[in-house]
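Student: what follows is a predicted protein model with its sequence.
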Amino acid sequence: MLVTGTSRFRPDFHIDLHTHVLIIECDQKAHAGRHTHLSYTLESGYAPVLVGHPKYALDAERTKKLAADVGNKRPLVVIRLNPDKYMDWRGWWHPGCFRDKARTTYFPEWESRAAVLISIVRPYLHSPPSAQLVEIKLFYPGHYPASLN
């Protein structure tokens, strides 16, 4: 739980850098609800589009409450990492970081994602973001890689 917070949310990682706050959340299954699926439509150029996202609305509400917890006076960076398999914006499947229900780590995929996460986090450790709220989603279905955002 954030010390100054009233929401009682417990981020997976919370780093208070005095000028800004960095939160990293590990969102299993990309926080997709039971009714979430990928749709391929003409409007999207047959690119995968996530449809029916009940938990994404909850993520947005959670982010707002986390921002309120840090006082809305300092910039907040929220990085959401999906460790599970997903289909990227090109329609390519990527394996998850765990091989089975026992959560045995699949190291090549975990190391690859950890390297991307570190490259995203590193600049925020040294300087605050220019925006008051930054939310970055890594390895979510249909999302572009962070380097293309």
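Tutor: Right, received. Where do you want to start? Numbering: from 1, shown residues only.
Student: do you know how far residue 92 is from residue 85?
Tutor: Distance from residue 92 to residue 85, counting by CB to CB, to the nearest Å: 11 Å. Where you see a C-beta, it was placed from the backbone N, CA and C, and this is true even at glycine.
Student: ok, now residue 108?
Tutor: Distance, residue 108 to residue 85, using CB to CB: 14 Å.
Student: which one of these two is surrounded by more residues?
Tutor: Between residue 108 and residue 85, counted using other CB atoms under 10 Å, residue 85 has the larger neighbour count: 17 against 10.
Student: for the nearest residue to the more buried one once chain neighbours are set aside, the count of nearby residues, please.
Tutor: Distances taken as CB to CB, 6 or more residues apart in numbering place residue 96 nearest to residue 85, at 4.1 Å, with adjacent residues excluded. Here the number of neighbours of residue 96 (other CB under 10 Å) works out to 19.
Student: what does residue 106 give?
Tutor: Residue 106, neighbours per other CB under 10 Å, totals 15.
Student: count the residues that sit near the nearest residue to it once chain neighbours are set aside.
Tutor: Distance criterion CB to CB, 6+ apart; nearest residue to residue 106, sequence neighbours excluded, is residue 99 at 5.1 Å. Residue 99 has 13 neighbours, counted by other CB under 10 Å.
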